[in-house]
Structures are given as C-alpha cells and as structure tokens.
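> fold the following, please.
(one chain, ligands or ions: 1)
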Amino acid sequence: MEWERIRKRPEDRLGANLADYDEYARTFSWAQARAELDGLPGGGLNIAHEAIDRHILAGRGNKLALRWIGRNDELRDFSYAGLGAAANRFANVLAERGVSKGDRVFSLLGRVPELYAAALGTLKRACVFSPLFSAFGPEPIKARMAIGNAKVLLTTEAFYRRKVEPWRQELASLEHVFLIDCSNNLPPGTTDLGAVMAAASDSFETVWTGPEDMALLHFTSGTTGRPKGAVHVHEAVVAHHMTGRLALDLHADDIFWCTADPGWITGTSYGIIAPLTNGATLIVDQAEFDAERWYRILQEQKVAIWYTAPTAIRMLMKVGAEIAKRYDLSKLRFMASVGEPLNPEGVVWGVEAFGKPFHDNWWQTETGGIMIANYPSMDVKPGSMGRPLPGITAGIIERTAGEVREIARPMAMGELALRPGWPSMMRGYLNEEERYKKCFASGWYLTGDLAMRDSDGYYWFVGRSDDVIKSAGHLIGPFEVESALMEHPAVAEVGVIGVPDPTAGEVVKAFVALKNGIDPTEALRKNLLGHARQRLGPAVAPKDIAFRQNLPKTRSGKIMRRLLKARELGLPEGDISTLESEER
Ligand code: PRX
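Numbers count the residues shown, from 1 in each chain. A predicted model of the protein is given here:
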C-alpha cells in the first residue's frame, strides 16, 4: 500500500535547528561543528567536559541537567553543577585506587542516577566507559568483560551475586567492584559505592584527553564469533552534539526523554551525551514500560522531545490512541524513533494519537550516532528512514566478486553503505583488526543492512544481509545463543534464527538436534529453555525451541540458518547448492 506523505507546514520550520535540509547539507562541515565545542587546551577534547563542565564554566551550573524518576515516583534532580559534582566524586574514587587513563570501567545497572555520574566521571578520569545491559545473564556479561579487559565494575549487590560472583575469579583484570543497593553483608572483594563516593572530594580536574583517545566501548554482535567491542573516541562528541541538534532538534530549553536503556549505545549517545552537550534537561525513568505511566511522564514532565523505539510504539498502539488524548501533551514538539524498522502504521498512528508523526531515524553501534533521519522541517514518507545527516554521504551498493559498485537507480535494492570520516565512526573492533577491515571496501563502510533510495533521496530499510536478530530493538548474535545451548549435555547441534513477532519485531527461536538416544520430550524442551535463560538472561535467550532430527548444513558443516528461516516462514528456499546432499 502507498502511504500518503505527511507534509510539513511552514510553521514546522520555524525555530527548527534544521530549517532547510538542502541548504544546511550544502554548507555543513564537521570542522565548523567542532568549533562550537570548547575542546581542552592543546587540541584536546573530552566528552564529559563538553557535556558538563562547559555549561558550568559558562554560568549555567544551576540549570536542571537530569531529573530521575524512581519506580515509586520519587524524584531526584541534578543540576549541571550537581551532576558534575557527582561525576567528580566518581572520578576521585577511580583516581584514589590508581584506575587511570585508558582503563576500562564497566557498568551493569538499570536506569539509576549512579550510572550517569559514573559514565561522566569515568570520562573525566580519561578512562573508558562500557555499559552492559542489565537483562544480560552471566555468559554475555563475562564474555564482554573479558574482551574489554574490565578493570572496574559498577553494579548492584543482587546482580553481582547472581551474574558475576560465580565466575569472577576467572577474570584477573577485574580489580574493583563497586556496588550500589548493597546490604551490610558485602560480598568479599566488593566496595560500597555510596560510602566511598560520600568520602570523596567533589572537585576534580578533567584528565587531558586527545580527540582520538578511546572513550566508550560498546558491544555489538555479528553472525558468527564472539561479541565485538566497537571502539569510540572522544571526538565522537562532535557527532553526538550535532546529530542531537539536527536530527532530534534539541534546544537548550528542551526537556528531553530518551527511553533507551543505558546498557545499549542509544542510552549513552542520546540518553546521556547529546542532550547534555546541547544544554537540555534529561528525563530518566527507572521503571519498565507502562502505557499510562509513560503518558503521565510526558504530561507531568512537559517533555518536548521524545526519542523512543518501534517496539514501545507498537505497545502503545495496542493500548489505543484514545488514552493519549486524555493527557495534556501540548508541550510535546518532536517525536523520534530508532533501532528497528518502524512500520508506516506506527508513523501515521503518531498523527492520530499525538497530532504529529514519529520521525524514524537510522544508525548502528558502529556509527556511534544518527546517520539517516527524518527532520522536523522535512516531509515524512511513512516507512522511510529519511535522508542522511548533513556531513554524511550514504549510498546503495552492490558487491560482486570482490567488486563494489554504487547503484544510482532509484529504488534498487542493495547494501546501505556510508563514506567514512564522521567523528563518531568506530575506530575499530577491540583486538579484532580482521573483522574491522571486513567492514570496508572501495572507500565505503558497509553496514550489513539492505536498503533502497528513492528519487527524492529518502532511504528505505529492507532487512539485514546477515543473520543477526533484532528483538525489541536489541541486537542479538545467533552464535552467542547457539554456544550457550551447545553447552547442554543433550544437545548435538543448534541453529538460531529470528522469527517475526507483531510487537518485538523478531523473537529468538532455536532449532536443536539432540544427541543419539535422547528423546525430544516437552520436559527436555523446557529444561533447555531454562538453561538458556539462566545463562544468557531474558533479553537474549530463545523464546522458543523446536527439535529437529537433523539441521540443514553446508558441505563444510556450517548450519544454514537462512534455510531454517525460509522453512520456518514458508518462504522459497533460494540457492541451496551448498546444502549437504543427504539433507536435500
Ligand atoms: O539493522 C539496523 C537496525 O539496527 C541495526 C543496528 O543495531 P544496533 O547496533 O543495536 O544500533 C543501535 C543504535 C540504533 C541496524 O544495522 N536499525 C537501526 N535503526 C533502524 C534499523 N532498522 C530499521 N530502521 C531503523 N530506523
């Protein structure tokens, strides 16, 4: 079905940071964008300085930086000066323990105030911040902390006991574990963060960092192998700042709510950095999704800009547009969405419920910031991700026998590619030079997404070119799930795919072949589901497991997930020339 274009009116351009896309894109330069930030003496740059200290130095220290809403509706407010003081305390806690430049500080926390102070304090101390998703189980946590050479972990006592303590001795690099929400009976080898923060000084001079010094380590997954740690540097702040301004239309007076979990990159780039560099006020809600609660927050906090995700939008759609109309959402100016395909129905539903569309935008852990977006001043074509940010060159390319060719024809499907050179591009996958190199060809960064571009320059997402799974906006590597199931003594072979789900986009499904002589009973299926959940955590574990006598494999023994998926969905099997003969 053709969806009608949502036309923007002249008043939509009024006051918008990007009032005229074509004009802005023509004159934009990253050097100019960089000049809007302070930097540090001698050509240095530090994300936390730009997010916090720059405002304090300019006399804006009293402004509200962060309002935290607890599960039971308690509020905690942090001015820029207050958040800066908390960050300084954390930086001092690190310094007192000899944690220094380049050391890796991991967090395993939900949306709690300590996380924000720790992220900024880590950056002020010139250490590297690496947030983990709190719904991960012990395996994904251990794998990421080992790859990242974690020196410090910040978590809760409950998470620590369940997800870290059982394997802690295996990770020699981990020297300090700070706990929040802890009892009087601290586990051995841990420190009560509250106590040491209270004792630390609230002044700290940011340690000098260069623009190319590592600042953030965000994990992502591929089709095969271990998780990949995408390395981001302090220079990324230039892109966070500008994309926040242009794609999210952040102004200094705005109240901004990013619903992404801080355990994923959106929760850092746009849940911490971009709103603060732009001098806005950030809303953080500790609680999980609840439609009424969310509308209440939008109303009570007078949210102007709301950055959310398709799964949440679909959950709101389920409850109905009528509820939205009961709330005064007159302050809400701009709504954006990211992370997974936003169905055109979702965009249009925004107009029905809020009187304005959701603006889809596209990016990846690797790109560090928004690359393609719909802007307040530009017509929305429901179902399209929009047009590349000023300063970003995108293309649709075709790879054939090692050759890369750009396809100019409108609406031709190919791989979405970007010309490298923007500030928040990853600088590598940590210790994985080969995998990093594979992302580039003929001067393009290859995204792994399939897309099309229409004759107006709007991009349309088609799908992934690999086997990674997007469930509720979370990227899941099938290999990580397969590895956990393979550890079970009954399992001979596993293939993991994503199957469509009306709310979460996709959910994880595993196909398992059992060892000889083991019966595929319902009890065993439940046992396997429990095993996976215990090891991987609810965000990654399969929602469903099906037994198969054999799994389709190539002659070299690789399980053909693509074929499992085609069969599951009743789609054509495509090219099966590499399938092992007895499997046909
Ligand atoms: O496949 C694309 C999908 O999410 C992938 C990136 O996932 P991750 O690294 O977890 O990104 C975190 C920051 C957003 C992309 O390769 N994706 C992201 N945005 C969209 C999307 N798919 C469709 N439409 C989008 N707007």
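
> element containing the closest residue to the ligand within the stretch 251-400 of the chain, please.
Nearest to the ligand, among the residues of the stretch 251-400 of the chain, is residue 365, at 3.4 Å (CB to the nearest ligand atom). C-beta here means a position set from N, CA and C on the backbone, and glycine is covered the same way. According to DSSP states H and E, residue 365 maps onto no helix or strand at all.

> what about the closest residue to residue 487 other than its chain neighbours, neighbour count?
In space, and not counting its chain neighbours, residue 487 is closest to residue 535: 7.3 Å by CB to CB, 6 or more residues apart in numbering. Neighbours of residue 535 under the rule other CB atoms under 10 Å: 21.

> show me what the one helix or strand residue 535 maps to is packed against.
Using DSSP H and E, residue 535 falls within helix 522-536. Where contact means 3 or more CB pairs under 8 Å, 6 or more residues apart in numbering; DSSP states H and E, helix 522-536 is packed against helix 138-147, helix 478-486, strand 505-514, strand 544-547.

> my guess is residue 96 meets residue 201, correct?
No. The criterion here is CB atoms under 8 Å, and residue 96 misses it with residue 201 at 9.5 Å.

> mind putting the helices and strands packed on helix 522-536 in CSV, mean neighbour count, mean pLDDT and distance to the ligand included?
Formatted as CSV, the helices and strands packed on helix 522-536 follow (neighbours: other CB atoms under 10 Å; pLDDT from 0 to 100; distance: least, CB to the nearest ligand atom, whole Å):
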stretch, mean neighbour count, mean pLDDT, distance to the ligand
helix 138-147, 21, 98, 14
helix 478-486, 22, 96, 14
strand 505-514, 22, 97, 9
strand 544-547, 16, 98, 22
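
> so for residue 376, which of these sits nearest?
Closest of the helices and strands packed on helix 522-536 to residue 376 is strand 505-514, at 25.8 Å (criterion: CB to CB).

> and that closest one, what does it pack onto?
Here strand 505-514 touches strand 469-471, helix 478-486, strand 491-501, helix 522-536, strand 544-547, going by 3+ CB pairs under 8 Å, 6+ apart.

> now the angle between helix 522-536 and the second one, please.
Here helix 478-486 runs at an angle of 120 degrees relative to helix 522-536 (axes from the mean of the first three to the mean of the last three CA atoms, to 10 degrees).

> and the stretch 451-584 of the chain, which of its residues are near the ligand?
Selection of the stretch 451-584 of the chain residues close to the ligand by CB under 6 Å from any ligand atom yields 461, 464, 470, 475.

> among the residues you listed, name the ones in strands.
461, 464, 470, 475 (DSSP state E).

> nearest to residue 432 among those residues?
residue 475 (16.6 Å).

> for that closest one, give me the pLDDT.
Residue-level confidence at residue 475 comes out at 95, pLDDT.

> how about residue 224, what does it touch?
residue 479 (CB atoms under 8 Å, 6 or more residues apart in numbering).

> that one sits in which helix or strand?
Using DSSP H and E, no helix or strand contains residue 224.

> how much space is there between it and the ligand?
16 Å (CB to the nearest ligand atom, to the nearest Å).

> distance check, that residue against residue 519.
31 Å (CB to CB, to the nearest Å).

> what's the answer for residue 475, then?
35 Å.

> between the two, who's got more neighbours?
In this view residue 475 and residue 519 are compared by other CB under 10 Å, and residue 475 has more residues nearby, 20 against 9.

> for the stretch 101-250 of the chain, what spans make up the helices?
With DSSP state H, counting those that start in this stretch applied, the stretch 101-250 of the chain shows helices at 113-124, 138-147, 157-159, 193-199, 236-246, listed in chain order.

> dump these to TSV, plus distance to residue 40.
Putting these into TSV (distance: least, CB to CB, whole Å) gives the following:
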stretch	distance to residue 40
helix 113-124	11
helix 138-147	29
helix 157-159	35
helix 193-199	25
helix 236-246	12
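
> what's residue 106 in contact with, if anything?
Applying CB under 8 Å, 6+ apart, the residues near residue 106 are 130, 131, 132, 144, 145, 148, 150, 152, 153, 154.
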